[in-house]
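> Fold the following for me, if possible:
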Amino acid sequence: MTATIQKNGFSCLKMAFGVNKKMMKEGLIIIDVQNDYFDKGTMTLVNSDNACKNAKLLLARFRSENLPVIFIQHIATKPSATFFLPGTKGAGIHATLHPFENERVIIKHFPNSFRETDLLDYLKENQITDLVICGMMTHMCVDATTRAAKDFGFNITVVGDACATRDLEIDGHFVKASDVQNSFLAALNYFYSTVKTTNQYLNK
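You can find the predicted model right below:
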């Protein structure tokens, strides 16, 4: 099933963009850098401040080169949700990365930023073939979006130190955020993307 989706994704991109490298165009996707993930938020992450600072550096580069920037903003719809609640300060995009008027903000309700949104259409319309992805949380929305983007045929760079996650637990065993971060980035680096640090990306 995945192979079929991937094949169809590449076919769509070839039809839309062709295969000429000169036609390749990068876009930056910043996922869920929202207030609830920071200090005093209802779902504080580990190293969210550092990840945000690095995301700001990426944002500055894309703005300086007049390349597309897409902000993803999660708004909770489940009755049991405890963060990103509609109309709350916690659901707002962090002020450090305040979107410009010409930058697209896409609202999502699921971890996968493509699910029930117009993200794919927007990327195609703007002839974006290569994605630079950063944001929060690494193990959830960054992971889900990266894998989906690969299946649609995009070339992807995940900037690991511009992402943040949290401690997790399973069957009474606690997994530190640093281990969660490294595990998910290592998995994504195998097939779904190339994982770089902010410095590696900016100095490529």
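
> Pull out the buried residues from the longest strand along the chain.
With residue count as the measure and DSSP state E as the assignment, the chain has strand 155-164 as its longest strand. By 16 or more other C-beta atoms under 10 Å, the buried positions in strand 155-164 come out as I156, T157, V158, V159, G160, D161, A162, C163, A164. Where you see a C-beta, it was placed from the backbone N, CA and C, and this is true even at glycine.

> now stretch 124-135
Within stretch 124-135, the residues scored as buried using 16+ other C-beta under 10 Å are K124, I128, T129, L131, V132, I133, C134, G135.

> what's the longest strand of the chain in contact with?
Residues from elsewhere that reach strand 155-164 (C-beta atoms under 8 Å, 6 or more residues apart in numbering): 24, 37, 45-48, 50-52, 54-55, 57-58, 129-138, 142, 146, 149-150, 177, 181, 185, 188-189, 192-198, 201.

> Name the next helix or strand downstream of that strand, please.
Read in the C-terminal direction, the helix or strand following strand 155-164 is strand 168-170, with elements assigned using DSSP states H and E.

> helices or strands up against that following strand?
strand 173-175 (3 or more C-beta pairs under 8 Å, 6 or more residues apart in numbering; DSSP states H and E).
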